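Trainee: predicted coordinates and the sequence they were generated for:
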Amino acid sequence: MKKAILSLILVTSIVLSACNNTDDNHNGMIIMPSKFSEETQEVLKIFDDEVVFLDYTIDETVKSSSINLWFYKNGEWTEGGKTSGNVDSLENQIAIRLKENGYDLFAIDKNGHIKYSYPEIGTDFSNSTAIASTRISSPTQITLNEEIPLWIKLGTDKSGIDIGMADDFRNSDCNAGVAITVTFSDKEIE
């Protein structure tokens, strides 16, 4: 009898947990890391964490999006590139590949993909004694007209660096840096 009750409690917990996870993943507007099969994950490991895929779900209040590249040079953050456009679909994917001196950005939707390449990121990590990187690792709520950091890489000439997605990367104590952000807007781009 005890085993039956314990099994019932366990099954109920699993069902409630699954229902809660489903609701969290499908209510509202979110951006999160893409989920891939084990085989695909093995192939992506070849890129040594220099590529990230993100899925996002938005609603009809979103009219456009802008993905921006920021770099730290000469003591300040500067916009180094921007990809923006009006939204055609409510579910899309973004892929970002950081390379030694540049990056590739892929906007992926049901019709295919568009690739944007930026050959230079405008910052130099060679004088950094410590380098840290962070990117979105869990579902993140999308708020209209608010910038969301997708990937941040910082370097410092000090003994260590504190990096976190919650903090504004522009306030980081660094001597080199690159950040990629996305902003979803309620205004169309003309």
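Mentor: Alright, I've got the coordinates.

Trainee: dump stretch 54-71 to PDB, restricted to CA.
Mentor: The C-alpha coordinates for stretch 54-71 follow below in PDB (Å, rounded to 0.1, in the frame of the first residue of the first chain):
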ATOM      1  CA  LEU A  54      18.300  31.000 -29.800                       C
ATOM      2  CA  ASP A  55      14.600  30.500 -30.400                       C
ATOM      3  CA  TYR A  56      12.100  33.300 -29.700                       C
ATOM      4  CA  THR A  57       8.400  33.500 -29.500                       C
ATOM      5  CA  ILE A  58       6.600  36.900 -29.700                       C
ATOM      6  CA  ASP A  59       3.100  38.100 -30.100                       C
ATOM      7  CA  GLU A  60       1.500  40.500 -32.600                       C
ATOM      8  CA  THR A  61       2.500  43.600 -30.500                       C
ATOM      9  CA  VAL A  62       6.000  43.200 -31.800                       C
ATOM     10  CA  LYS A  63       6.500  44.900 -35.100                       C
ATOM     11  CA  SER A  64      10.300  44.900 -35.600                       C
ATOM     12  CA  SER A  65      13.500  43.600 -34.000                       C
ATOM     13  CA  SER A  66      17.000  44.900 -33.900                       C
ATOM     14  CA  ILE A  67      20.200  42.900 -33.200                       C
ATOM     15  CA  ASN A  68      23.100  45.100 -32.200                       C
ATOM     16  CA  LEU A  69      26.900  44.400 -31.900                       C
ATOM     17  CA  TRP A  70      28.600  46.500 -29.200                       C
ATOM     18  CA  PHE A  71      32.300  46.700 -28.700                       C
END
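
Trainee: average pLDDT for it?
Mentor: Stretch 54-71 carries an average pLDDT of 93.

Trainee: with stretch 121-138 instead?
Mentor: On average, stretch 121-138 scores 86.

Trainee: give the buried residues for it.
Mentor: Neighbour counts over stretch 121-138 (16 or more other Cβ atoms under 10 Å) mark 121-123, 125, 128, 132, 134-136 as buried. C-beta coordinates here come from the backbone N, C-alpha and C atoms, glycine included.

Trainee: can you flag which of those belong to strands?
Mentor: Among those, DSSP state E puts 132, 134-135 in strands.

Trainee: make JSON lines from the buried residues of stretch 121-138 and add distance to S64 to it.
Mentor: What follows is these, written out as JSON lines (distance: Cβ to Cβ, whole Å):
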{"residue": "I121", "distance to S64": "24"}
{"residue": "G122", "distance to S64": "25"}
{"residue": "T123", "distance to S64": "27"}
{"residue": "F125", "distance to S64": "32"}
{"residue": "S128", "distance to S64": "35"}
{"residue": "A132", "distance to S64": "32"}
{"residue": "T134", "distance to S64": "26"}
{"residue": "R135", "distance to S64": "23"}
{"residue": "I136", "distance to S64": "20"}
